[in-house]
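**Q** just to be clear, the model below is a prediction. Sequence and coordinates:
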Amino acid sequence: MIDYRSIDPEQAREFAENSNIEELDVSNWHLFKADAQGAFFERLRREDPVHYHSDSRYGPYWSITRHQHIKEIDIDHVRFSSEKNITIVDSTVDGNSTSFIAMDPPKHGQQRKVVAPVVGPRNLGEMESLIRDRVIHILENLPVNEEFNWVERVSIELTTQMLATLFDFPFEQRRKLTYWSDIATLGPSTGLVDSWDQVHSELQDCLSVFSDLFAQRANPKHQGFDLITMLAQNPATRHMPPTELLGNVMLLIIGGNDTTRNTISGGVWALNQFPDQYHKLRTSPEVIPNMVAEIIRWQTPLAHMRRTALEDVEFHGKRIRKGDKVVMWYVSGNRDERVFEDADKLIVDRPNARAHVSFGFGLHRCMGNRLAEMQLRILWEEIQQRFHMIEVVGEPERALSNFTKGYVQLPVKVRPLEKLAS
């Protein structure tokens, strides 16, 4: 057996190709930390796309790795439930919170409908100028030709400012949102807390803060077009128990933070890996909207979602038993050779980039996908107005997680346009 803790992509490829397929545990988070998961998924897609792994730290689970099979599971809420949990782990971070993403119809739709207007077309149009102003402010305050951490200065800052707006959260305290998101998804591996007990304690602090905001905004005299006001004043959600409030708040924080934040970082890393595509972007900036979809595909900021079988199911030659854990590996579906030619490459004008499954598929498709795309589009439009290149000057440090496919550090230097002529 290979030591996953010290694995690198070359070792992973050799192990994936030469080992008994039953030994491949794609849930091991060290694979993602080393960006070494690709060869494991490649073999599963080829030889055993509906794969049962009997022994992992999360217990036994099924891996769904092909693009089409993932979509089939994602839309089948009759036989595959979201209610137990939507990640490979068996319990939520505080043991009993829940959210509308971890609900089946009809309750899922009732709660989702409450907050959907905040990311509807009309409100997105009104937010575009605000997002652009913030992007410009962030970019124009970056140190030029000096090394800095792109994750901290741009990815986190932009998404956290947007989250504060969506929640109407005290702007000066906005980094609390990032903190709560990180410890909820990454736990003690962040170095921010020492134990899961401390995670639970910190999330209770989060619940306390949002319970106060919820109570204040439940007053019919309060007017606002933010997520908390919508939850507090709608009959479908105004009487949520505290565990449900925490679950929905964390869902909205994580959904608004991790997906966009890690795609902002992943886009810079990807363009540096494929300099011909960076050149194509510089010479043809009209590709930006399509490039955004391609970056979201290539990065796949959330590696998986999970369902639980509600009954025995025959699925592409395999018998999934009632109660079995079924993991849809979006990170694998987005590299499926049957759908995406040269799937491991970033191709900014890829014709079918929008066929990715990064946002899920069906009724659980990410509610904020258009907001995420808009932030990324505006960011790259403004980058192209100011910089010849965002140059990566060192290896990224990735998150220790099989769920959040993210970055902790991405050392870069920004090269201004005027330097090109000198």
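**A** Here it is on my side, so go on. No experiment lies behind these values; they were computed from the predicted model shown. Numbering: from 1, shown residues only.
**Q** all the strands of the stretch 51-200 of the chain, residue numbers only.
**A** Taking DSSP state E, counting those that start in this stretch as the test, the strands found in the stretch 51-200 of the chain are 61-64, 80-81, 148-149.
**Q** give me the helices and strands touching the longest one, please.
**A** Going back to what we said before, that points to strand 61-64. Strand 61-64 makes packing contacts with strand 50-53, strand 325-329 when contacts are defined by 3 or more C-beta pairs under 8 Å, 6 or more residues apart in numbering; DSSP states H and E. Placement of C-beta: from N, CA and C, glycine included.
**Q** looking at those strands, which is buried most?
**A** When the helices and strands packed on strand 61-64 are scored by mean count of other C-beta atoms under 10 Å, the highest mean neighbour count falls to strand 325-329 (a mean of 25).
**Q** what comes into contact with it?
**A** When contacts are taken as C-beta atoms under 8 Å, 6 or more residues apart in numbering, the neighbours of strand 325-329 outside the stretch itself are 26-27, 41, 58-65, 70, 73-74, 80, 88, 90, 303-309, 320, 357.
**Q** tell me what R398 is bridged to.
**A** On the basis of DSSP bridges, R398 takes part in beta bridges with Y407.
**Q** mind listing what it touches?
**A** For R398, the set of contacting residues under the criterion of C-beta under 8 Å, 6+ apart consists of F32, K33, A34, D35, K405, G406, Y407, V408.
**Q** how near is the first one to T165?
**A** Spelled out, that is F32. Summarising the geometry, the distance separating F32 from T165, computed by C-beta to C-beta, to the nearest Å, is 30 Å.
**Q** mean pLDDT, distance to E373 and mean neighbour count for the strands of the stretch 51-200 of the chain - can I get that in a markdown table?
**A** Output for the strands of the stretch 51-200 of the chain, formatted as a markdown table (pLDDT from 0 to 100; distance: least, C-beta to C-beta, whole Å; neighbours: other C-beta atoms under 10 Å):
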| stretch | mean pLDDT | distance to E373 | mean neighbour count |
| --- | --- | --- | --- |
| strand 61-64 | 97 | 25 | 25 |
| strand 80-81 | 90 | 27 | 21 |
| strand 148-149 | 98 | 24 | 18 |
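**Q** would JSON lines of the ones you listed with distance to W329 be doable?
**A** Output for the strands of the stretch 51-200 of the chain, formatted as JSON lines (distance: least, C-beta to C-beta, whole Å):
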{"stretch": "strand 61-64", "distance to W329": "6"}
{"stretch": "strand 80-81", "distance to W329": "15"}
{"stretch": "strand 148-149", "distance to W329": "29"}
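**Q** format the helices and strands packed on strand 61-64 as a markdown table; extra columns: distance to N290 and mean pLDDT.
**A** As requested, those are arranged in a markdown table below (distance: least, C-beta to C-beta, whole Å; pLDDT from 0 to 100):
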| stretch | distance to N290 | mean pLDDT |
| --- | --- | --- |
| strand 50-53 | 32 | 97 |
| strand 325-329 | 24 | 97 |
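**Q** is A353 in contact with A293, as I believe?
**A** Yes - taking C-beta atoms under 8 Å as the contact criterion, A353 and A293 are neighbours in contact, 4.0 Å apart.
**Q** low-confidence ranges, the stretch 251-400 of the chain, go.
**A** Using pLDDT under 70 as the threshold, the predicted model of the stretch 251-400 of the chain has low-confidence ranges 362-368.
**Q** 50 - rerun?
**A** Low-confidence segments of the stretch 251-400 of the chain, defined by pLDDT under 50, are absent.
**Q** that one: helices as residue ranges?
**A** Per DSSP state H, counting those that start in this stretch, the stretch 251-400 of the chain has helices spanning 275-283, 288-299, 330-333, 369-386. These are given in chain order.
**Q** name the surrounding residues that touch the last one.
**A** The reference is to helix 369-386. Surrounding helix 369-386, the residues in contact under the criterion C-beta under 8 Å, 6+ apart are 119, 121, 124, 127-128, 131-132, 135-136, 139-140, 154, 158-159, 162, 256, 259-260, 263-264, 267, 281-282, 285, 288-289, 291-293, 295-296, 359, 366, 390, 414, 416-417.
**Q** let's go with 7 Å and repeat that
**A** Contacts with helix 369-386, where a contact means C-beta atoms under 7 Å, 6 or more residues apart in numbering, come from 119, 124, 128, 131-132, 135-136, 139, 158, 162, 259-260, 263-264, 267, 285, 288-289, 291-292, 295, 359, 390, 416-417.
**Q** hang on, the earlier thing: got the contacts of R398 as TSV, with neighbour count columns?
**A** As requested, those are arranged in TSV below (neighbours: other C-beta atoms under 10 Å):
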residue	neighbour count
F32	22
K33	20
A34	18
D35	15
K405	25
G406	28
Y407	24
V408	19
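**Q** excluding its backbone neighbours, what's nearest K345?
**A** Residue nearest to K345 in three dimensions, not counting chain neighbours: F274, with 6.3 Å by C-beta to C-beta, 6 or more residues apart in numbering.
**Q** shouldn't that neighbour be in contact with V348?
**A** No - in this structure, F274 is not within contact of V348 by C-beta atoms under 7 Å, at 8.5 Å.
**Q** more crowded one of these two?
**A** V348 (25 against 15; other C-beta atoms under 10 Å).
**Q** next up, the contacts around the nearest residue to that one once chain neighbours are set aside.
**A** Distances taken as C-beta to C-beta, 6+ apart place M291 nearest to V348, at 4.0 Å, with adjacent residues excluded. M291 makes contact with L281, V348, W380, according to C-beta under 7 Å, 6+ apart.
**Q** and what of D35?
**A** If you count contacts by C-beta under 7 Å, 6+ apart, D35 has them with P9, R398.
**Q** on that earlier part again, distance check, the residue nearest to V348 against P416.
**A** M291 sits 21 Å away from P416 when distances are taken as C-beta to C-beta.
**Q** what's the answer for P396, then?
**A** For P396, the distance to P416 (C-beta to C-beta) stands at 23 Å.
**Q** between the two, who's got more neighbours?
**A** With other C-beta under 10 Å as the criterion, P396 and P416 differ in neighbour count, and P396 comes out ahead with 21 against 14.
**Q** grab the nearest non-local neighbour of that one.
**A** The spatially closest residue to P396, leaving aside those adjacent along the chain, is L410, at 4.7 Å (C-beta to C-beta, 6+ apart).
**Q** Q233: which of the contacts of R398 is nearest?
**A** Proximity to Q233 was ranked across these by C-beta to C-beta; first place goes to G406, at 33.6 Å.
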